[in-house]
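Asks: pasted the sequence and its predicted model underneath.
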Amino acid sequence: MDFEAVARRLELEQLYADYVHCLDADELERWPDFFTEDCFYRITSAEDYQAGLPLGLIYATSRDMLKDRVSALREANIYEPQRYRHLVSSIKIVGEVAEVLDVVANFLVVRTMQDGEMMIFGAGCYVDQVKRDGESWKFARKIVVLDSRQIDTLLAIPL
Amino acid sequence: MDFEAVARRLELEQLYADYVHCLDADELERWPDFFTEDCFYRITSAEDYQAGLPLGLIYATSRDMLKDRVSALREANIYEPQRYRHLVSSIKIVGEVAEVLDVVANFLVVRTMQDGEMMIFGAGCYVDQVKRDGESWKFARKIVVLDSRQIDTLLAIPL
Amino acid sequence: MDFEAVARRLELEQLYADYVHCLDADELERWPDFFTEDCFYRITSAEDYQAGLPLGLIYATSRDMLKDRVSALREANIYEPQRYRHLVSSIKIVGEVAEVLDVVANFLVVRTMQDGEMMIFGAGCYVDQVKRDGESWKFARKIVVLDSRQIDTLLAIPL
């Protein structure tokens, strides 16, 4: 492992840390900035993903669609006092061509309701592609593969 | 990212790993050593934290107060056969002046009772400040911000 | 921390990430390859571990025994549609002699049933020894210490 590989790996971990803190702080307006303009974003289940089904709880093929998604969530204005907390581990580079990396990572999202009840909201795997963007990296593709087929939510939120 | 930044980042991850293993091994007598003498330590809820309320399940303004806390916990001598397991991820440096770093990180604590029942004990975010101390780092400030307002415990334990 | 220490640390994180993705993808046939030929593998409870009891849900003293274990699991052919998701954090080198490292790490395994129900399947600590094997590392010893005495499973699976 040379220094370039070391630095790239830590930059990658930084990207996932930044992404997670953006979501958990409910700063959704910043969320689309983690993606390239022509990005692909999808939330799906492991079952559908393995069967090759193109369905998704959220399906977007550009950063603008992600912005629309955030606007829709804000306008829906559903009073959802719960908090979400992401844990991400085992980030792994599975492919690499030039400055484009295929990356997988495990995640767990815990939801805390206003009455204090905590539950596992979702667990699964990110199947991502990241591209260098100056000093940092952006997601060219992010597929959120949930282990569960169903998710307990009224409006699908970014994961 | 230069080598100094890389090394600092890994030293930081080491600090959090050491901290977590100290707690999970119930080696609480070593716990105050992770802090500076004039440290600030607080466990609070996200709700109180965001409202700027100074309350806390634990509130300490020096390492000596942390030692007193441990003594009190040991003297209370409540038979608590449960085990705690911390998962920490997404450690992020959010500010940096000289050798003083502002750091946030997500955590999840799982509690296992003696009968084998496991539950999410707490989830949230550390809002910390660390200072260089020779070869390693110490916490000058650690605010444990719990997503839940309440925590199921008789005596507040270090998190 | 010199560059060698940095590279070793990241290689170690890579090892745990690879290990976890192998298990979560149910690619158990590749699992024994993470171990040395004369490895020691054991799944036990914290209670038995601390009491020095040699019992284990799984107990193996060679890579061949791990292969037999996988064969037995595949032949049992129990229809288990659940998915497992590992979160690993706080990887810590606790000892180091030449190219042999003693390592501990925390883990959490979430199980998702086919009906979508998610539960904490197990939490605990890896107590491992890894040895350099060319460019990567292998487990010479892996003790999976579960916080709980019991685990809800028909056939003990690799953790």
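Replies: Received it, and whenever you're ready, just let me know what you need. Residues are numbered from 1 along each chain as shown, chains lettered A, B, ... in the order given.
Asks: does A:Trp137 have beta-bridge partners, and which?
Replies: Here A:Trp137 shows beta-bridge partners A:Arg132, assigned using DSSP bridges.
Asks: that one against A:Val130, yeah?
Replies: Yes: applying C-beta atoms under 8 Å, one finds A:Trp137 in contact with A:Val130, separated by 4.5 Å. From N, CA and C alone the C-beta is placed, and that goes for glycine too.
Asks: what do the two both touch?
Replies: A:12, A:15, A:101 (C-beta atoms under 8 Å, 6 or more residues apart in numbering or on different chains).
Asks: looking at these, which are in strands?
Replies: Per DSSP state E, strands hold the following members of the shared contacts of A:Trp137 and A:Val130: A:Leu101.
Asks: out of the shared contacts of A:Trp137 and A:Val130, which touch chain B?
Replies: Among the shared contacts of A:Trp137 and A:Val130, none lies close to chain B by the criterion of C-beta under 8 Å from any C-beta of the partner chain.
Asks: buried subset of the shared contacts of A:Trp137 and A:Val130, written for PyMOL?
Replies: To isolate the buried members of the shared contacts of A:Trp137 and A:Val130 in PyMOL, using 16 or more other C-beta atoms under 10 Å in any protein chain shown:
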select buried, chain A and resi 12+15+101
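Asks: would a markdown table of the shared contacts of A:Trp137 and A:Val130 with pLDDT be doable?
Replies: Converted to a markdown table, those look like this (pLDDT from 0 to 100):
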| residue | pLDDT |
| --- | --- |
| A:Leu12 | 96 |
| A:Leu15 | 97 |
| A:Leu101 | 97 |
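Asks: distance-wise, check A:Ile143 relative to A:Pro54.
Replies: Relative to A:Pro54, A:Ile143 is positioned 11 Å away (C-beta to C-beta, to the nearest Å).
Asks: of the two, who's got more company?
Replies: Counted by other C-beta atoms under 10 Å in any protein chain shown, A:Ile143 and A:Pro54 do not tie: A:Ile143 has more neighbours, with 18 against 9.
Asks: I'd say the more buried one and A:Val127 touch.
Replies: Yes: at 4.3 Å, A:Ile143 counts as touching A:Val127 under the criterion of C-beta under 8 Å.
Asks: who touches both of those two?
Replies: With C-beta under 8 Å, 6+ apart, A:Ile143 and A:Val127 have common neighbours A:Tyr49.
Asks: near chain B, which residues of chain A? Just list them.
Replies: A:3, A:6-7, A:10-11, A:14, A:16-18, A:20-21, A:24, A:83, A:85-89, A:108, A:110, A:112, A:114, A:116-120.
Asks: so which of those are also by chain C?
Replies: Near chain C, by the rule C-beta under 8 Å from any C-beta, you find A:3, A:6, A:87, A:89, A:108, A:120 out of the residues of chain A next to chain B.
Asks: and the shared contacts of A:Trp137 and A:Val130 as CSV, adding distance to B:Glu29?
Replies: Converted to CSV, the shared contacts of A:Trp137 and A:Val130 look like this (distance: C-beta to C-beta, whole Å):
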residue, distance to B:Glu29
A:Leu12, 38
A:Leu15, 38
A:Leu101, 44
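Asks: of the shared contacts of A:Trp137 and A:Val130, just say which sits nearest to chain C.
Replies: Within the shared contacts of A:Trp137 and A:Val130, the smallest distance to chain C is 10.9 Å, found for A:Leu12 (C-beta to the nearest C-beta).
Asks: just the terminal-to-terminal distance for stretch A:107-121.
Replies: By C-alpha to C-alpha, to the nearest Å, the extent of stretch A:107-121 from end to end equals 11 Å.
Asks: my read: A:Gly124 touches A:Val144, true?
Replies: Yes: using C-beta under 8 Å, A:Gly124 is in contact with A:Val144, at 6.6 Å.
Asks: overlap in contacts of those two?
Replies: A:Phe107.
Asks: what about A:Met1, how many residues nearby?
Replies: 14.
Asks: also A:Tyr19?
Replies: Using other C-beta under 10 Å, the number of residues around A:Tyr19 comes to 22.
Asks: quick one, what contacts the spatially closest residue to it that is not a sequence neighbour?
Replies: Take A:Tyr19 and drop its neighbours on the chain: the residue closest to it by C-beta to C-beta, 6 or more residues apart in numbering or on different chains is A:Phe34, 5.3 Å away. When contacts are counted by C-beta under 8 Å, 6+ apart, A:Phe34 touches A:15, A:18-19, A:22, A:138-139.
Asks: now A:Gln50
Replies: Contacts of A:Gln50 by C-beta under 8 Å, 6+ apart: none found.
Asks: same check on A:Ser62?
Replies: A:Ser62 neighbours (C-beta under 8 Å, 6+ apart): A:37-39.
Asks: and if you look at A:Asp24?
Replies: Contacts of A:Asp24 (C-beta under 8 Å, 6+ apart): A:83-86, B:106, B:125.
Asks: if you rank those by neighbours, which is first?
Replies: Each of these was scored for neighbours by other C-beta under 10 Å, and A:Arg85 scores highest at 27 neighbours.
Asks: just checking, that residue touches B:Asp147?
Replies: Yes: contact status for A:Arg85 versus B:Asp147: in contact at 5.7 Å, counting by C-beta under 8 Å.
Asks: so what sits against both of those two?
Replies: A:110, A:112, B:123-125.
Asks: reformat those as a markdown table; add secondary structure and pLDDT.
Replies: Below are those laid out as a markdown table (DSSP: H, G, I helix; E, B strand; the rest coil; pLDDT from 0 to 100):
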| residue | secondary structure | pLDDT |
| --- | --- | --- |
| A:Val110 | strand | 96 |
| A:Thr112 | strand | 94 |
| B:Ala123 | strand | 97 |
| B:Gly124 | strand | 97 |
| B:Cys125 | strand | 98 |
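Asks: now distance to C:Gln50 too, for those, in JSON lines please.
Replies: Output for these, formatted as JSON lines (distance: C-beta to C-beta, whole Å):
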{"residue": "A:Val110", "distance to C:Gln50": "28"}
{"residue": "A:Thr112", "distance to C:Gln50": "32"}
{"residue": "B:Ala123", "distance to C:Gln50": "27"}
{"residue": "B:Gly124", "distance to C:Gln50": "29"}
{"residue": "B:Cys125", "distance to C:Gln50": "31"}
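Asks: tell me which of the contacts of A:Phe34 fall in helices.
Replies: A:15, A:18-19, A:22 (DSSP state H).
Asks: with respect to A:Asp48, which of those is nearest?
Replies: For the ones in helices among the contacts of A:Phe34, the minimum distance to A:Asp48 (C-beta to C-beta) is 23.0 Å, reached by A:Tyr19.
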